[in-house]
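1. The sequence isn't on hand, but the structure is:
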Ligand SMILES: [Zn+2]
């Protein structure tokens with residue numbers, strides 16, 4: 001049986017929220033089979049649980065934010081996408097995530113530190129079959145026209161592949177690869193995707209800070225680009241780190257489906273908002289997906305049955 005996974009032991013991390021700038025302590029707990037990934041705000045007088053599910057997403061302007069009941073005025077957790085991406089990359093199905101503030105720590109701006117944290121706690125198999133969400137019909141969302149056009153699509157595929165193209169017209173980004181494809185079944189998530197950091201342009205910083213965003217952002221947790229070049233002294237971690245981070249984000253945004261996907265995802269300039277719209281469109285069409293399990297591991301798509309380093 002291809003089984004669900006959770007953590008072996010409790011683990012902790014402390015960091016700062018990239019938008020709020022606030023310090024946050026994170027405690028990851030093992031969770032029962034079929035419980036999914038559930039965030040818990042333990043700083044509130046009465047702790048509030050917020051399951052990582054598509055309908056709980058309440059804000060996607062700069063990051064993916066979930067709120068209790070999907071109500072923007074209810075207790076929330078901001079910037080969950082890099083953590084969710086690490087969970088998807090390591091094939092983790094069930095987890096309780098306690099935090100004492102309303103934003104996940106940004107750590108180094110990638111998913112690598114979350115992968116390290118999860119793997120350090122140990123990953124165990126549970127006595128229940130892993131429930132995949134298999135896409136059975138192509139679903140697409142589009143937005144804008146001309147230079148503003150962006151789209152994202154999920155199509156049936158026996159495995160999980162992602163293809164992303166960005167179209168930044170910027171000297172520092174033009175020189176890097178702006179198109180990348182990644183196959184989860186290769187088990188190379190941690191090596192090829194997880195280390196890609198979020199990025200920001202200095203020209204946007206003042207505007208975002210005026211809106212109370214990126215208060216915790218710095219060159220320690222982002223690639224910072226001015227009008228011409230990357231300002232980080234050590235440069236890029238991958239030649240195509242920008243587009244790889246967009247794949248990392250998409251993996252996290254799509255893991256909010258509540259199950260690992262079996263699908264081919266293709267996107268052009270998509271972001272958190274469009275990824276969530278795509279997920280909601282998919283889930284609202286009962287003809288477009290089904291839940292599948294693999295009692296016989298040999299019937300699972302190639303690479304999905306191996307425990308480490310991914311899936
Ligand atoms: Zn990101």
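-> Good, I have the coordinates. Note that the coordinates shown come from a computational prediction; the quantities given were computed from them, not determined experimentally.
2. Can you tell me the SS state at the spatially closest residue to residue 54 that is not a sequence neighbour?
-> Leaving aside its sequence neighbours, residue 54 sits nearest to residue 279 (CB to CB, 6 or more residues apart in numbering; 4.7 Å). To be clear about C-beta, it is placed using only N, CA and C from the backbone, and glycine gets the same treatment. Classification of residue 279 using DSSP: H, G, I helix; E, B strand; the rest coil returns helix.
3. for residue 282, same thing?
-> Recorded secondary structure, residue 282: helix (three-state DSSP).
4. Could you pick out the residues of the stretch 151-300 of the chain near the ion for me?
-> Proximity of the stretch 151-300 of the chain to the ion, by CB under 5 Å from the ion, involves residues 198, 249.
5. same thing but 8 Å
-> Contacts of the stretch 151-300 of the chain with the ion, taken as CB under 8 Å from the ion, map to 198, 245, 246, 248, 249, 252.
6. among those residues, who's most crowded?
-> Counting neighbours by other CB atoms under 10 Å, residue 248 leads these with 31 neighbours.
7. Confirm that that one sits in a helix.
-> Yes - membership of residue 248 in a helix is supported by three-state DSSP.
8. Isn't it up against residue 88?
-> No - if you go by CB atoms under 8 Å, residue 248 and residue 88 don't touch, sitting 9.6 Å apart.
9. Residue 24 in helix, strand or coil?
-> From three-state DSSP, the assignment for residue 24 is strand.
10. how close does it get to residue 78?
-> Per CB to CB, to the nearest Å, residue 24 is found 10 Å from residue 78.
11. before we move on, back to that, now that the residue nearest to residue 54 has come up, it's in contact with residue 256, right?
-> Yes - between residue 279 and residue 256 there is a contact at 6.5 Å, judged by CB under 8 Å.
12. where do the contact lists of those two overlap?
-> Listed as contacting both residue 279 and residue 256 by CB atoms under 8 Å, 6 or more residues apart in numbering are residue 54.
13. which residues touch the helix or strand of the chain with the lowest mean pLDDT?
-> Lowest mean confidence among the helices and strands of the chain (mean pLDDT, DSSP states H and E): helix 202-210, at a mean of 81. For helix 202-210, the external contacting residues (CB under 8 Å, 6+ apart) are 62, 200, 214, 215, 217, 224, 225, 226, 227, 231.
14. can you check stretch 143-160 too?
-> With contacts defined as CB under 8 Å, 6+ apart, stretch 143-160 is touched by 134-142, 183-185, 250, 260-271, 274-275, 277-278, 282, 301-304.
15. now the end-to-end length of stretch 77-92.
-> One end of stretch 77-92 sits 19 Å from the other (CA to CA, to the nearest Å).
16. starting at the chain centroid, how far to that stretch?
-> 5 Å (CA atoms, centre = their mean, to the nearest Å).
17. Give me the mean pLDDT for it.
-> Here stretch 77-92 scores 96 as its mean pLDDT.
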